[in-house]
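Engineer: With the sequence up front, the predicted model follows.
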Amino acid sequence: MARMLTETHAARIVTRHPHLLANYARAEVNIVRGEGVYLFDESGNRYLDLVAGIAVCALGHAHPRITRAVAEQAATLVHCSNLYNHEPAGILADRLAELSGFQAVFFCNSGAEANEAAIKLARKHAWRRGEKERTTILAANGSFHGRTFGALAATDNPKYKEGFEPLPGGFTWTPFNDIAALDAAIDERTAAFLVEPVQGESGVVPATREFLAAARRICDERGALLIFDEVQCGMGRLGRLFASQFYDVRPDAFTLAKSLANGLPIGALIIGGAAATALQPGDHGTTFGGSPVPAAAALEHLRIREVIDLDANVAASGALLHSELAAIAADWPMHFEAPRGHGLMLGLPVRAPYAASAFVAPALERGLLINAAGRNTLRFVPPLIISNDEVREAMVRLRATIADIAG
Ligand code: PLP
């Protein structure tokens with residue numbers, strides 16, 4: 001019988017590490033090691049990982065080339081400050097510029113920080129052009145952009161904001177995938193429209209191609225920047241390196257983090273066109289951003305992509321995972337709706353009164369890691385190297401979990 005997360009569970013975790021801030025609902029498992037698509041706990045139990053650090057470990061766990069790149073860089077230079085040039089960040093910026101066709105790259109340490117930089121970029125770009133009234137950051141309903149104050153202010157989810165107000169002003173929202181509403185929302189005060197091409201935290205909700213194409217057109221007409229938050233959906237997850245390439249819509253800037261360095265902390269704001277010169281010396285910065293070890297890991301990630309066709313694997317494994325999830329929805333129509341998403345960023349909506357979160361701990365008991373995102377959805381963001389056999393193994397475990405609960 002599957003165990004459920006309970007108050008007792010929380011108490012045990014607190015007892016084990018009483019000084020670790022209790023701001024996460026951590027599962028009752030102590031992960032000690034990873035290899036490929038699997039994680040292992042202290043008792044040697046093996047878990048097929050469809051969470052991948054929440055869309056982080058694109059190449060799986062303990063990829064030998066990433067391990068070697070990190071070890072070699074750590075033995076050579078760990079930190080020297082952004083007061084000086086160093087090759088890992090410099091070459092990584094050049095490579096990202098080459099792959100995207102954009103001009104300027106700012107490195108930081110996380111997705112929230114990358115979005116903070118994007119918000120500052122939008123304001124400063126308008127200010128430099130003498131448009132001092134153009135300060136509003138428009139975001140989409142259902143958005144998630146991070147937990148720092150600016151990124152949180154852009155986020156449209158009261159759950160994350162409660163108790164933290166007042167947040168910075170100048171943020172407004174427009175319905176996701178509603179072109180007429182977007183047309184009405186963007187005006188001469190809009191500095192930027194910040195949007196996730198596929199909303200992750202709100203339950204894997206993809207933008208339509210028409211919506212992003214219209215966003216490009218309307219931003220151009222009104223002089224606003226279009227900024228994509230690709231923190232979760234970028235770096236190959238949709239089947240192309242960048243979500244903008246998948247959608248064939250070129251924003252003025254976009255943000256990356258999560259899987260960029262396959263698990264080491266790095267974020268990036270990548271800027272094209274006139275906005276690429278908006279941030280000048282002293283305008284923005286961070287001590288650790290793009291430091292040599294994460295930058296070396298990110299660079300190795302991009303080099304590995306040159307020798308393995310991850311996009312082809314995402315297409316094949318993603319199509320299989322999507323059809324398996326569709327079959328589950330067809331077999332348990334009272335519990336699930338048809339899956340949503342692209343590539344290896346998929347969501348399986350759970351029908352009320354069942355709760356997506358109720359499947360997570362029982363799946364863990366069956367050696368499968370999945371997670372619940374917004375809109376009562378099970379989220380699947382596995383390593384992009386996952387094979388068809390591993391997808392099938394995962395679905396056997398998921399079906400057994402569902403049968404335990406739903407019969
Ligand atoms: N933007 C998006 C779309 C995200 O999914 C996340 C994290 O889930 C963030 C920003 C924040 O990234 P981080 O947790 O690295 O600050």
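Structural biologist: Arrived safely. Numbering: from 1, shown residues only.
Engineer: Can you tell me how far the residue of the chain found nearest the ligand is from residue 33?
Structural biologist: Ranking the residues of the chain by distance to the ligand (CB to the nearest ligand atom) places residue 111 first, at 2.3 Å. To be clear about C-beta, it is placed using only N, CA and C from the backbone, and glycine gets the same treatment. Residue 111 is 26 Å from residue 33, where distance means CB to CB, to the nearest Å.
Engineer: Near the ligand, which residues of this structure? Just list them.
Structural biologist: 54, 110-112, 115, 144-146, 196, 200-201, 229, 231-232, 257 (CB under 6 Å from any ligand atom).
Engineer: Just the ones of those in helices?
Structural biologist: 54, 111-112, 115 (DSSP state H).
Engineer: Which of those residues are buried, as a PyMOL select command?
Structural biologist: To isolate the buried subset of those in PyMOL, counting by 16 or more other CB atoms under 10 Å, use the following:
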select buried, resi 111+112+115
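Engineer: could I get the ones in helices among the residues of the chain next to the ligand as a markdown table with pLDDT?
Structural biologist: Output for those, formatted as a markdown table (pLDDT from 0 to 100):
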| residue | pLDDT |
| --- | --- |
| 54 | 98 |
| 111 | 98 |
| 112 | 98 |
| 115 | 98 |
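Engineer: ok, the residue of the chain closest to the ligand - contacts?
Structural biologist: Going by CB atoms under 8 Å, 6 or more residues apart in numbering, residue 111 touches 145-146, 151, 229, 231-232, 255, 257-258, 267.
Engineer: in the helix or strand harbouring residue 119, what's buried?
Structural biologist: According to DSSP states H and E, residue 119 maps onto helix 111-128. Buried residues in helix 111-128, defined by neighbour count with 16+ other CB under 10 Å: 111-126.
Engineer: And the next helix or strand past that helix?
Structural biologist: strand 136-140.
Engineer: buried sites along the helix or strand following that next one?
Structural biologist: Proceeding N to C from strand 136-140, the next assigned helix or strand is helix 149-154, under DSSP H and E. For helix 149-154, a neighbour-count test (16+ other CB under 10 Å) marks 150-154 as buried.
Engineer: so who does the nearest residue to residue 373 once chain neighbours are set aside touch?
Structural biologist: Distance criterion CB to CB, 6 or more residues apart in numbering; nearest residue to residue 373, sequence neighbours excluded, is residue 379 at 4.1 Å. For residue 379, the contacting residues are 51, 200, 203-204, 346-347, 370-373, by CB under 8 Å, 6+ apart.
Engineer: Which of the helices or strands spans residue 379?
Structural biologist: strand 377-380.
Engineer: Partner strands of that strand, with direction?
Structural biologist: If you go by DSSP bridges, strand 377-380 pairs up with strand 345-349 (antiparallel), strand 371-373 (antiparallel).
Engineer: Render the CA-only coordinates of that strand in CSV, please.
Structural biologist: Once non-C-alpha atoms are left out, strand 377-380 reads as follows in CSV (Å, rounded to 0.1, in the frame of the first residue of the first chain):
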residue,chain,number,x,y,z
THR,A,377,-1.4,18.7,-13.4
LEU,A,378,1.2,16.0,-13.2
ARG,A,379,4.4,17.4,-14.8
PHE,A,380,6.9,15.3,-16.8
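Engineer: model confidence over the helix or strand just after it, on average?
Structural biologist: Downstream of strand 377-380, the next assigned helix or strand under DSSP H and E is helix 388-406. The average of the pLDDT scores along helix 388-406 is 97.
Engineer: what does stretch 207-220 give?
Structural biologist: The model assigns stretch 207-220 a mean pLDDT of 98.
Engineer: Could you give me the buried positions within it?
Structural biologist: The neighbour-count check on stretch 207-220 (16+ other CB under 10 Å) flags 207, 211-212, 214-216, 218-219 as buried.
Engineer: Could you tell me which ranges of the stretch 1-150 of the chain sit under the pLDDT cut-off?
Structural biologist: 1-15 (pLDDT under 70).
Engineer: can you map out the strands along the stretch 1-150 of the chain?
Structural biologist: 31-35, 38-41, 46-49, 104-108, 136-140 (DSSP state E, counting those that start in this stretch).
Engineer: Could you dump those strands into a markdown table with mean neighbour count added?
Structural biologist: Below are the strands of the stretch 1-150 of the chain laid out as a markdown table (neighbours: other CB atoms under 10 Å):
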| stretch | mean neighbour count |
| --- | --- |
| strand 31-35 | 14 |
| strand 38-41 | 18 |
| strand 46-49 | 21 |
| strand 104-108 | 23 |
| strand 136-140 | 26 |
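Engineer: For residue 401, find the nearest of the ones you listed.
Structural biologist: strand 46-49 (11.8 Å; CB to CB).
Engineer: From the contact counts, what lies against that closest one?
Structural biologist: strand 38-41, strand 368-369, helix 388-406 (3 or more CB pairs under 8 Å, 6 or more residues apart in numbering; DSSP states H and E).
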